[in-house]
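Student: Turn this into a model:
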Amino acid sequence: KKLDPKSNFSCVSTTVKNELIKLGVPVTQIEIIANGVNTTHFCPAFDKKILRKKLSLPENAIIILFVGRLTPAKQPRVLIELFSLLEKEFCEVYLYIAGDGELFDAVKKETKKIGTKKICFLGKLNYYDEIPSFYSCADYYIITSKYEGLPLTLLEAMSSGLPCIVSDIPNLEIVKEADCGIQINFENINEAAERISEYIVNKDQKDSENARKYAQCCLNWKFIASKYYDSFLKIK
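Tutor: You can find the predicted model right below:
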């Protein structure tokens, strides 16, 4: 509100655009430009088993990956409860959680109460050396957030060729657009677990391929940068 009234804005999604409009920004001064991803840095593994062995991960298990800060908006407690149900359906399924945040300790304590030994807390990982490897050797990416802009972690997962299991909130509809996973309402944990179980059992390799292709075509930084460049040229 302190900016020049004629200032132009860019935002990552329609939801954010609507929020700006509610704040009084004229619709003609708002442009949607998605976040981007380094598709060379984040890419599928040549051989997942070799990479898993290097990282000391179970070679033949189903690995579900969450990457992000453990905050109330991302509902990590929902994620833990959800996984406790999935664990009953699949013998060899693991949840790896990469990231820290204000709920880190609390969520770890809840995990101990549940008694599962298949939820692994990785803490904060190095963006350049460690995180890409965990994306590459996982089987699925998951996020249970009740609010998001357009999370970079989702784009990194897609670029790494991961099928995506995400909340059914507007800003994550990119998964539906890319046809690379499923959107789920996590309010009913039992129903959510059933849908995820069905999705895992009926896994379609095309979801992995679609995720990678969409990232390469529509989310690579060269493409996104060109959109920003065109936007700058319009400024008078």
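Student: which ones are touching the residue most central in space within the chain?
Tutor: Centroid-nearest residue in the chain: L154, 2.8 Å away (criterion: Cα atoms, centre = their mean). The contact partners of L154, by Cβ atoms under 8 Å, 6 or more residues apart in numbering, come to 141, 143, 148, 164, 166, 172, 174-175. Placement of C-beta: from N, CA and C, glycine included.
Student: quick check, nearest of those to L219?
Tutor: I174 (8.6 Å; Cβ to Cβ).
Student: so that closest one touches L150, yeah?
Tutor: Yes. Here I174 reaches L150: they are 7.1 Å apart, a contact under Cβ atoms under 8 Å.
Student: which residues touch stretch 225-236?
Tutor: Contacts of stretch 225-236 (Cβ under 8 Å, 6+ apart): 8, 10, 31, 33, 36.
Student: How about stretch 20-32?
Tutor: Applying Cβ under 8 Å, 6+ apart, the contact partners of stretch 20-32 are 1, 6-14, 17, 231.
Student: Now name the helix or strand holding K53.
Tutor: Using DSSP states H and E, K53 falls within helix 48-54.
Student: What's the first helix or strand after that helix?
Tutor: Using DSSP H and E, the helix or strand that follows helix 48-54 towards the C-terminus is strand 62-67.
Student: Show me what that following strand is packed up against.
Tutor: If you count contacts as 3 or more Cβ pairs under 8 Å, 6 or more residues apart in numbering; DSSP states H and E, strand 62-67 packs onto helix 76-89, strand 93-98, helix 131-137, strand 140-143, helix 152-159.
Student: need those in TSV with distance to K213 and mean pLDDT, can you?
Tutor: Formatted as TSV, those follow (distance: least, Cβ to Cβ, whole Å; pLDDT from 0 to 100):
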stretch	distance to K213	mean pLDDT
helix 76-89	28	95
strand 93-98	25	97
helix 131-137	16	96
strand 140-143	16	98
helix 152-159	9	97
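Student: Would you reformat these as JSON lines and include distance to N202?
Tutor: Converted to JSON lines, the helices and strands packed on strand 62-67 look like this (distance: least, Cβ to Cβ, whole Å):
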{"stretch": "helix 76-89", "distance to N202": "13"}
{"stretch": "strand 93-98", "distance to N202": "15"}
{"stretch": "helix 131-137", "distance to N202": "22"}
{"stretch": "strand 140-143", "distance to N202": "13"}
{"stretch": "helix 152-159", "distance to N202": "20"}
